[in-house]
Structures are given as structure tokens and as C-alpha cells.
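**Student:** Sequence first, predicted coordinates after that:
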Amino acid sequence: QVQLVESGGGLVQAGDSLRLSCAASGRTFSNYAMAWFRRAPGKERECVAAISAIGGSTYHADSVKGRFTISRDNAKNTLYLQMNSLKPEDTAVYSCALKGPLFTNIAYTWVANYEYWGQGTQVTVSS
């Protein structure tokens, strides 16, 4: 049974930083592609950042490029999202997603690409 548990969300002020974590269990995730998605009220779910199963390829949405960084620690089965210079428009529920096992160097960005999802963690940025 694959389980993804996000943590690290909260209420912060504009300009602050947060680091989200996604702890994965049930498999060895070194050959899995992973991603962070977010859904703001009244908006579609969007891919914020993604990382490939192998090779270390990453994707960051234009809206977060230069502010957010996705990374993974395969030894800890954990995915991270470092979020700096947060803005009110970053307010959303952030969820991690998993796809695999794979042997591709592709950072997948579509919701339909992913098979497993966490419950999400709320990030609220006040102005």
C-alpha cells in the first residue's frame, strides 16, 4: 500500500519561506517520478514542480521559478519543496504525487500522469 503524507504547510506572511515535505511509504521510491501540485480556491489543480525518476531532471512552473525548488532524498523516501519569497497568490492546498516505477529522465507535469496522491497540506500567505 503506497502512502504519501505531506507536512510543513502553515500560515505565513508574504516574503516568508516554508519547506514542504512528502514522506512516502510502501515502496522504495528511488525509481519513481514525483511532483508537487497545488489547488487554489476556484482554480484548477496545477503542477508547481516535478522531478524525474532518474537523472535528476526538474520542472518548475513559471509562476514559481526562482522562488521554489523541488528536491528528493531517496534514502529517506522523501520529497521536498523549498518555497521562498512567498506571495499571497501561492495560497493553496499543496499535494505530492507519485508515478512509477520508471526508468525515464522526464519530469511529468500532468495530473493524469500520476497514480498516487497525498491528502495535501494547506499553505496560506497573508499580505
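**Tutor:** Everything's here; your move.

**Student:** Could I get the buried residue list for stretch 44-56?
**Tutor:** 46, 47, 48, 49, 50, 51, 52, 53 (16 or more other C-beta atoms under 10 Å). All C-beta spots, glycine's among them, are computed from the backbone N, C-alpha and C.

**Student:** same check, this time on stretch 65-78
**Tutor:** 68, 69, 70, 72, 77, 78.

**Student:** rewinding a little: identify, from the buried residues of stretch 44-56, the entry nearest to residue 23.
**Tutor:** Distances from residue 23 to these, taken as C-beta to C-beta, are shortest for residue 51 (15.5 Å).

**Student:** thinking again about what came up before, I'd like the buried residues of stretch 44-56 as TSV, with secondary structure, distance to residue 64 and pLDDT appended.
**Tutor:** TSV is the format used below for the buried residues of stretch 44-56 (DSSP: H, G, I helix; E, B strand; the rest coil; distance: C-beta to C-beta, whole Å; pLDDT from 0 to 100):
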residue	secondary structure	distance to residue 64	pLDDT
46	strand	10	97
47	strand	10	98
48	strand	6	98
49	strand	7	98
50	strand	12	98
51	strand	14	97
52	coil	18	96
53	coil	22	94
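
**Student:** and the residue lying closest to residue 30 once chain neighbours are set aside, what are its phi and psi?
**Tutor:** Once flanking residues are discounted, residue 30 sits nearest to residue 74: 4.2 Å by C-beta to C-beta, 6 or more residues apart in numbering. Here is the backbone geometry of residue 74 (degrees, to the nearest 10): phi -60, psi -30.

**Student:** where's residue 74 relative to residue 41, distance?
**Tutor:** 34 Å (C-beta to C-beta, to the nearest Å).

**Student:** try residue 31
**Tutor:** For residue 31 relative to residue 41 (C-beta to C-beta), the value is 35 Å.

**Student:** Comparing these two, which residue is more hemmed in?
**Tutor:** Taking other C-beta atoms under 10 Å, residue 31 and residue 41 do not tie; residue 31 has more neighbours (14 against 7).
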